[in-house]
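1. this one's sequence-less:
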């Protein structure tokens, strides 16, 4: 019985030993994984303004990468961005509005009644093509395609 426990412990530790070599752990510090600075990227800002395009081009994301997305509204009109499919395909770390950090369980849309900024940090998870859209709009410029590869 004792030999089985020792063998089980050795087999459990084996994957971690190879991980330590692969990541070159130094000074007893473990790698930060998906939250490491080397895995972070700031996306181009999205703009909400009456009659103006939200983004210059579609955004391509990598699954497992940590992103920060700033959304800015100019206050010219009450506007929102909805995209429940996109928000279900990512893990939202936080939404920051005027220095207030919100850690939501889920999001379907973000609405601006006046000018302001919101910053969303998230990890892309589920590959696919998703849209963030101004509700009720029909034009292609009133949405942005977010493709997670």
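-> Right, received. Where do you want to start? From a predicted model like this one, the values you see are computed outputs, not experimental measurements.
2. looking at the chain, which helix or strand is least sure?
-> Lowest by mean pLDDT, DSSP states H and E among the helices and strands of the chain is helix 2-23, with a mean of 48.
3. contact partners for residue 114?
-> Contacts for residue 114 (CB atoms under 8 Å, 6 or more residues apart in numbering) come out as 73, 75, 78. C-beta coordinates here come from the backbone N, C-alpha and C atoms, glycine included.
4. then residue 134?
-> Here residue 134 is in contact with 48, 54, 79-82, 142-143 (CB under 8 Å, 6+ apart).
5. name the element the residue positioned nearest the centre of the chain belongs to?
-> Nearest to the mean C-alpha position of the chain, by CA atoms, centre = their mean, lies residue 122 at 2.3 Å. According to DSSP states H and E, residue 122 maps onto strand 116-124.
6. contact partners of that strand?
-> Residues outside strand 116-124 that contact it (CB under 8 Å, 6+ apart): 34, 61-73, 75, 89-98, 110, 112, 148.
7. next one: stretch 133-146 to chain centre, how far?
-> Remark: stretch 133-146 is offset 20 Å from the chain centroid, using CA atoms, centre = their mean, to the nearest Å.
8. circling back to that earlier point, just the contacts of residue 114: which are in strands?
-> residue 73 (DSSP state E).
9. now list the buried members of the contacts of residue 114.
-> Buried residues within the contacts of residue 114, counting neighbours by 16 or more other CB atoms under 10 Å: residue 73.
10. which residue packs closest to residue 111, ignoring adjacent ones?
-> residue 80 (3.6 Å; CB to CB, 6 or more residues apart in numbering).
11. let me know the pLDDT of that neighbour.
-> What the model reports for residue 80 is a pLDDT of 95.
12. other SSEs contacting the helix or strand harbouring it?
-> For residue 80, the enclosing helix or strand under DSSP H and E is strand 79-82. For strand 79-82, the packing partners by 3 or more CB pairs under 8 Å, 6 or more residues apart in numbering; DSSP states H and E come out as strand 46-48, strand 109-112, strand 128-133.
13. and the next element down the chain from it?
-> For strand 79-82, the following helix or strand on the C-terminal side (DSSP H and E) is helix 84-88.
14. so which bits of that next one are buried?
-> Buried-residue list, helix 84-88, by 16+ other CB under 10 Å: 86-87.
15. if we can go back for a sec, just the contacts of residue 134 now: which is nearest residue 103?
-> For the contacts of residue 134, the residue nearest residue 103 by CB to CB is residue 81; the value is 19.2 Å.
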